[in-house]
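Need coordinates for the below:
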Amino acid sequence: MFLQRTGRRENLRVAAARRGFRTWRGERPFWAGLFTLAAGFPIIYFPYAHLNLGAIPVALSTSAGAGSLIIGVLLVVLAISLWFQRQTRVFAGITVILLALVSFPVANFGGLLIGLVSGLIGGSLACAWVPPTGDPEEGLAVNRASTPVPVDEDHGER
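Okay, the predicted model is just below:
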């Protein structure tokens, strides 16, 4: 009996946490920040990684390792700023797109195209995101009130 009661409490806590996260996520460009964050990590990782394909070692380290590090760190910082400073979304989105394009020649083809594509998607989503506007039913009432009146009908003016 005790385990059933505590299990229900835990389920309620988890449900409340999920609801809170869903609300938090809906009030900011969450997916733009996630794609931007996903763009930063491959751009940082691949210039410093030593990969092995079977018995063949593959080293992608170049002289542009510092440039890759700077671009990747800036993308991570912009992703965090998209989540917590949503009023900077257009600036951050344009900056993410530019950094993703610059990462192509600087950072091993933009983190083997993973960082480049993720950055372009994240920057585009950030520029396109529009903050939610209050109550959704309020918008429906405005749309109903603005219905056009036909021209051919008599409007009681005699």
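
How many neighbouring residues does Arg13 have?
Counted with other CB atoms under 10 Å, the burial measure for Arg13 works out to 10 neighbours. The C-beta positions use only the backbone N, C-alpha and C, and glycine is treated the same way.

list the buried ones in stretch 85-104?
By neighbour count, and taking 16 or more other CB atoms under 10 Å as the criterion, the buried residues in stretch 85-104 are 86, 89, 92-93, 95-97, 99-100, 102-103.

ditto for stretch 44-58
Taking 16+ other CB under 10 Å as the criterion, stretch 44-58 shows 44-47 as buried.

Can you give the distance of the helix or strand where Gly93 lies from its chain's centre?
Using DSSP states H and E, Gly93 maps to helix 89-106. Here helix 89-106 shows a centroid-to-chain-centroid distance of 13 Å under the convention CA atoms, centre = their mean, to the nearest Å.

just checking, what packs against that helix?
With contacts taken as 3 or more CB pairs under 8 Å, 6 or more residues apart in numbering; DSSP states H and E, helix 89-106 sits against helix 30-45, helix 65-84, helix 108-112, helix 114-128.

Of all the ones you listed, which one is nearest Ala55?
helix 108-112 (20.9 Å; CB to CB).

Could you list every helix and strand that the closest one packs against?
The criterion is 3+ CB pairs under 8 Å, 6+ apart, and the helices and strands that helix 108-112 contacts are helix 30-45, helix 65-84, helix 89-106, helix 114-128.

What residues does the most centrally placed residue in the chain make contact with?
Most central in the chain under CA atoms, centre = their mean is Ala32, positioned 1.4 Å from the mean C-alpha point. Counting by CB atoms under 8 Å, 6 or more residues apart in numbering, Ala32 makes contact with 82, 89, 93, 122-126, 129.

Render the CA-only coordinates of stretch 114-130 in CSV, please.
Included here for stretch 114-130 are C-alpha records, laid out as CSV according to Å, rounded to 0.1, in the frame of the first residue of the first chain:
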residue,chain,number,x,y,z
ILE,A,114,27.1,17.6,-39.3
GLY,A,115,27.8,20.9,-37.6
LEU,A,116,27.2,22.9,-40.8
VAL,A,117,23.7,21.4,-41.5
SER,A,118,22.7,21.6,-37.8
GLY,A,119,23.9,25.2,-37.6
LEU,A,120,22.0,26.2,-40.7
ILE,A,121,18.8,24.6,-39.4
GLY,A,122,19.2,26.0,-35.9
GLY,A,123,19.9,29.5,-37.2
SER,A,124,16.9,29.4,-39.5
LEU,A,125,14.6,28.2,-36.7
ALA,A,126,15.9,31.0,-34.5
CYS,A,127,15.2,33.6,-37.1
ALA,A,128,11.7,32.2,-37.9
TRP,A,129,10.5,31.7,-34.3
VAL,A,130,7.8,34.1,-33.1
